[in-house]
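>>> 3D, please:
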Amino acid sequence: MPRSKKGKRGGNSSSKGRNGARGESGVSDDDLASDVLSHYSSASESASVIEEGTGEVVDEQTAQEETEDKLKQCIDNLMEKSAKTRLAALESLRLGFSSRVLYEFLLERRFTISDCLERSLRKGGGEEQAAAATVCALLCMQLGGGVEGEEGFKMLRPILSSILIDSCASLSARQSCARALGMCCYVSASDDAEDLLKSLGHLESVFMGAYPLGDGTLPSVKAGTPALHSAALQSWALLCTLCTASRINTILNHHLPHLHACLESSEVNFRIAVGETIALLYELGRDIDQEFEYEDCNALCDSLKSLATDGNKHRAKNDRRKQRSIFREVLHYIENEDFTEEKIQFGIEVIYIDGWMRRKIYDAFKEVLESGVRHHLQFNPLLRDIFGLGPPLILDASVKASRISRTERHLFNSAAFKARTKLRNKVRDKRADVM
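All right, here's what the predicted structure looks like:
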């Protein structure tokens, strides 16, 4: 099934739902959400024992069909007048979309779902807007980087951007829209310079509110705003991985000095987001020029050393531990280009997070998918394409018994990821003049 401009994506699907099955009107919203969640859990369990016999394959297909029947009821509930009913439906869709790959099921319903999500974003309260934005990100992730995903993003980008930059909107809704805008743009508009630039600009307009004032002091912000700044900065950093070399140079010159100053922020999570973004920008700069170095590098390293050894008793113990760990990594990378490799295992496969760009991409998907990220790494063609894993594996017990070595897996994954990055950069270089 075509899901990308690069051609067909791997993976098979037997996700045709049963016709006519509908949830009974007498079931409460909470019961429906709980029922849907139980189907996700049982489906995951059945998927883990497929190789034990032919009967389990039937169980997996049945579980998929039952899940889809429940999701049909949830989609219908998005049109209800009751805000509580709509909110419960959005939560059930979030759980379903993050737990399973539902491309075929969503393909024929994508316009209906997009219309409902747009309505919730325009007319719902803050909690409903936040939930709808999260489902927007998951929907784009399910549809992939092809025409279907682009259509959904074109429809939803204006309202996501509008809420994000609306200072009167709920902070939780704006934060969720920041994450959704970054993820949807990364998945569905990676080769569209206009959408990419607009999304970058909207995200910048939010987190630049934390930049130093004219006298060099950091602004005072109301409670909850630093979390919004962090979400916008992290989504912006994700989109920076799509930018051309000329755009990266502009970003480095303009943003690094301001981000350096933001390391003095009193909010630990925002400081950490700033530190990780600085490391990512450094990596992108070194990809362009191996000799790249920030003009005030010595002062930056001093700031990082201070944060990496911070023993301020006024900060929570866990915050100090987390901050010291992150800033040690950032400092080691800037000084020596050292990076602590992370191993992510799912099924019999493994990916290695061996750079800041790869970590940023993985963390962005993990934040949206939560516990479902490993399932999607196994079966979602979009994620498998992004991480260079190839089509989803279909293995019998004898194949599972023979595993390639750790080194071979690492070399293959790293080579595939770098080859994909180079290919995408070639495509972007052709539109560099636009940016």
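>>> Which strand or helix spans residue 350?
strand 349-353 (DSSP states H and E).
>>> who does that strand pair up with?
Strand 349-353 sits in its sheet next to strand 342-346 (antiparallel), going by DSSP bridges.
>>> Show the residue spans covered by the strands in the chain.
With DSSP state E, the ranges of strands along the chain come out as 2-4, 7-8, 342-346, 349-353.
>>> what about the stretch 251-400 of the chain, any weak spots by pLDDT?
311-316, 395-400 (pLDDT under 70).
>>> could you dump stretch 105-116 to CSV, C-alpha only?
C-alpha atoms of stretch 105-116 as CSV (Å, rounded to 0.1, in the frame of the first residue of the first chain):
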residue,chain,number,x,y,z
PHE,A,105,-8.8,0.8,9.2
LEU,A,106,-8.0,4.5,9.3
LEU,A,107,-7.4,5.0,5.6
GLU,A,108,-11.2,4.9,4.8
ARG,A,109,-12.1,6.9,7.9
ARG,A,110,-9.4,9.6,7.9
PHE,A,111,-11.5,12.4,6.7
THR,A,112,-14.3,11.7,9.2
ILE,A,113,-11.7,11.5,12.0
SER,A,114,-9.9,14.7,10.8
ASP,A,115,-13.2,16.6,10.7
CYS,A,116,-14.0,15.5,14.3
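>>> for residue 332, what are its contacts?
The contact partners of residue 332, by C-beta atoms under 8 Å, 6 or more residues apart in numbering, come to 338-340. C-betas here are computed from N, CA, C, even on glycine.
>>> so which of these is the most crowded?
When the contacts of residue 332 are compared by neighbour count (other C-beta atoms under 10 Å), residue 339 ends up highest, at 17 neighbours.
>>> I figured that residue hits residue 352, correct?
No - counting by C-beta atoms under 8 Å, residue 339 does not reach residue 352; the two are 10.7 Å apart.
>>> how about a markdown table for the contacts of residue 332, with distance to residue 261 added?
Formatted as a markdown table, the contacts of residue 332 follow (distance: C-beta to C-beta, whole Å):
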| residue | distance to residue 261 |
| --- | --- |
| 338 | 25 |
| 339 | 25 |
| 340 | 26 |
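>>> Looking at those, which is nearest residue 150?
residue 339 (33.3 Å; C-beta to C-beta).
>>> mind checking how far that closest one is from residue 106?
Here the criterion is C-beta to C-beta, to the nearest Å. By it, residue 339 lies 36 Å from residue 106.
>>> okay, now the domains of this protein?
Following automatic domain parsing, the chain resolves into domains at 22-100, 110-223, 243-338, 343-391+402-428.
>>> how long is the second one end to end?
Spelled out, it's domain 110-223. 37 Å (C-alpha to C-alpha, to the nearest Å).
>>> Let me see the contact set for residue 93.
71, 74-75, 78, 113, 135, 138 are the contacts of residue 93 under C-beta under 8 Å, 6+ apart.
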